[in-house]
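Trainee: below are the sequence and a predicted model for it; my questions follow.
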Amino acid sequence: MGWVSIKDILLLICFILIGIQLITMRLHKKKIAYLNNTKDILYDLREKVIEAVDKEQVYKLILKAAIDMLPKASKGSILMEGKDKLFHYEALIGYSEELKEIKLMKEEVFLYAKNQFKGIAVIKNPARFNENILNFEKHKIFQDTESLDICCTLSCPISINDRVIGVINLDSTEKGAIFSEDDIKYLKYIINELKLVLRVFLMQDDLRYQANYDALTGLYNRRYLEYLLSYHLEMSKNKCKKSTLIFIDLDNFKRINDAYGHKSGDKALVLISNILQKKMNSSSYIYGRMAGDEFIVFIPHGDEKNAIKVIEEVREVYSHETIGDINLDFSYGIIEVTDSSRNLEELIHEADEKMYEVKNYKREKSQRKKSS
């Protein structure tokens, strides 16, 4: 009887060991399947990022990939630090786009409030946590947009070259769900891969920016401006719609440089550029720096009368600025584009000549005023 009991015990132990081995193998297969799925998602992400045209698109791709790779995550957000040192929602999945109107101080960001951006953190009651760290107005936006239906958040810093530039929040709406240590390990692996993708994109984006934008003013440079204008003229052939090209040249620019130095000349260029960016807020306007103190503005679907109104608004603001004892101003020439067969070089040359007519008239008027 005793021997039978020992045999039964040994058999039971064997079955238990076999069961443990089967469970371990199943978990191992599940882990391999998860890692293979993760690799597929990351490969797909890299391909899409190569084709992406702006940061917003890349952040959305990264966020979707992270949610797809972490089983408990059902929605999420990416916050990035802006030039104003505030954190902006750059990507949202499962949330209202109205959240993009909110700007958060670092102290109002989940992760900073939890651990000062020192690593991944689990926030177990995000709604309560949110209420404790946000002011009433910001918290109300979250409430009004029904953004507090989450049970748990896994928050991770996004850093490049050891500097935190943003935060990714992965949220679970599953009742009672809590992100585990395994989830944190997976997220560490995922984030390392995503950082590589983001770093490559940011490098490419920086190179694109340097190739297409003027370093001083932040406007399109001559090469890219001419490309855009030529493309637009080609696309507008046979559409019989008027467009206008405005050639701008700053007045007294040499005098500013000679009297106050090139830094003051740069200031005059930055001032006009900032005003153009503020006033030309329609996405249809094309404008940039041609060279030196010369700028071009192209207004599709607008006649000369409309162009004069637009550019005079710019001039009105600019002429209120001074550098030393020099009042800032500019001269401009306008060409109405009605003949689609004319090329860009001809249009720029004609607008340039009209601008010089205005500049010469102003110079002669000033000299007559001095002599009288």
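Mentor: Arrived safely, thanks for sending.
Trainee: for the helix or strand containing residue 366, which helices and strands make contact with it?
Mentor: In this structure, residue 366 sits in helix 344-371 according to DSSP states H and E. Helix 344-371 sits against helix 222-235, strand 243-250, strand 330-337, with contacts defined as 3 or more C-beta pairs under 8 Å, 6 or more residues apart in numbering; DSSP states H and E. Yep, even glycine has a C-beta here, placed from its N, CA and C like the rest.
Trainee: how far off centre is the last one?
Mentor: Right, strand 330-337. What separates the centre of strand 330-337 from the centre of its chain is 32 Å, taken as C-alpha atoms, centre = their mean, to the nearest Å.
Trainee: again with the second one
Mentor: Averaged C-alpha coordinates place strand 243-250 at 29 Å from its chain's average position (C-alpha atoms, centre = their mean).
Trainee: now swap in the longest one and tell me
Mentor: Average the C-alpha atoms of helix 222-235, do the same for its chain, and the two points are 23 Å apart (C-alpha atoms, centre = their mean).
Trainee: between that helix and strand 330-337, how many degrees?
Mentor: Calculated by axes from the mean of the first three to the mean of the last three C-alpha atoms, to 10 degrees, helix 222-235 forms an angle of 30 degrees with strand 330-337.
Trainee: buried residues in helix 222-235?
Mentor: Under the neighbour-count criterion of 16 or more other C-beta atoms under 10 Å, helix 222-235 has 224-226, 228-229, 232-233 buried.
Trainee: just the mean pLDDT for that helix, thanks.
Mentor: Mean pLDDT, helix 222-235: 87.
Trainee: what packs against that helix?
Mentor: Using 3+ C-beta pairs under 8 Å, 6+ apart, helix 222-235 sits against helix 181-212, strand 286-291, strand 294-299, helix 344-371.
Trainee: could you dump those to CSV with mean pLDDT, distance to residue 16 and mean neighbour count?
Mentor: Listed next are the helices and strands packed on helix 222-235 as CSV, based on pLDDT from 0 to 100; distance: least, C-beta to C-beta, whole Å; neighbours: other C-beta atoms under 10 Å:
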stretch, mean pLDDT, distance to residue 16, mean neighbour count
helix 181-212, 80, 24, 15
strand 286-291, 93, 74, 20
strand 294-299, 94, 78, 23
helix 344-371, 85, 81, 13
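Trainee: dump stretch 333-343 to CSV, keeping only the CA atoms.
Mentor: Taking Å, rounded to 0.1, in the frame of the first residue of the first chain, the C-alpha atoms of stretch 333-343 are listed here in CSV:
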residue,chain,number,x,y,z
GLY,A,333,6.8,95.8,-57.2
ILE,A,334,3.7,93.8,-58.1
ILE,A,335,3.1,91.7,-61.2
GLU,A,336,-0.3,90.3,-61.9
VAL,A,337,0.1,86.8,-63.5
THR,A,338,-2.5,86.2,-66.2
ASP,A,339,-0.3,84.6,-68.9
SER,A,340,0.6,81.1,-67.7
SER,A,341,3.2,80.8,-70.5
ARG,A,342,5.5,83.2,-68.8
ASN,A,343,8.3,81.7,-66.8
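Trainee: that one: which residues count as buried?
Mentor: 333-337.
Trainee: what is the nearest of those to residue 97?
Mentor: residue 337 (36.8 Å; C-beta to C-beta).
Trainee: who are the contact partners of that closest one?
Mentor: 233, 242-245, 347 (C-beta atoms under 8 Å, 6 or more residues apart in numbering).
Trainee: same question, residue 257
Mentor: Counted by C-beta under 8 Å, 6+ apart, residue 257 has contacts 264-265.
Trainee: could you point out the helix or strand that follows the host helix or strand of it?
Mentor: Here residue 257 sits within helix 253-260, counting by DSSP H and E. Next along the chain after helix 253-260, taking DSSP H and E as the criterion, comes helix 262-279.
Trainee: burial count for the residue nearest to residue 302 when sequence neighbours are not counted?
Mentor: Excluding the flanking residues, the one nearest residue 302 by C-beta to C-beta, 6 or more residues apart in numbering is residue 244, at 5.4 Å. The number of residues packed near residue 244 is 25, by other C-beta atoms under 10 Å.
Trainee: for residue 244, give me its contacts.
Mentor: Counted by C-beta under 8 Å, 6+ apart, residue 244 has contacts 298-299, 302-304, 306-307, 334-337.
Trainee: which SS class is residue 317?
Mentor: Put simply, residue 317 is helix when judged by DSSP: H, G, I helix; E, B strand; the rest coil.
Trainee: so it makes contact with residue 275?
Mentor: Yes. The pair residue 317 and residue 275 passes the contact test of C-beta atoms under 8 Å, sitting 5.0 Å apart.
Trainee: picking that back up, let me know the angle separating the helix holding residue 366 from helix 222-235.
Mentor: Using the same axes, to 10 degrees: helix 344-371 against helix 222-235 is 120 degrees.
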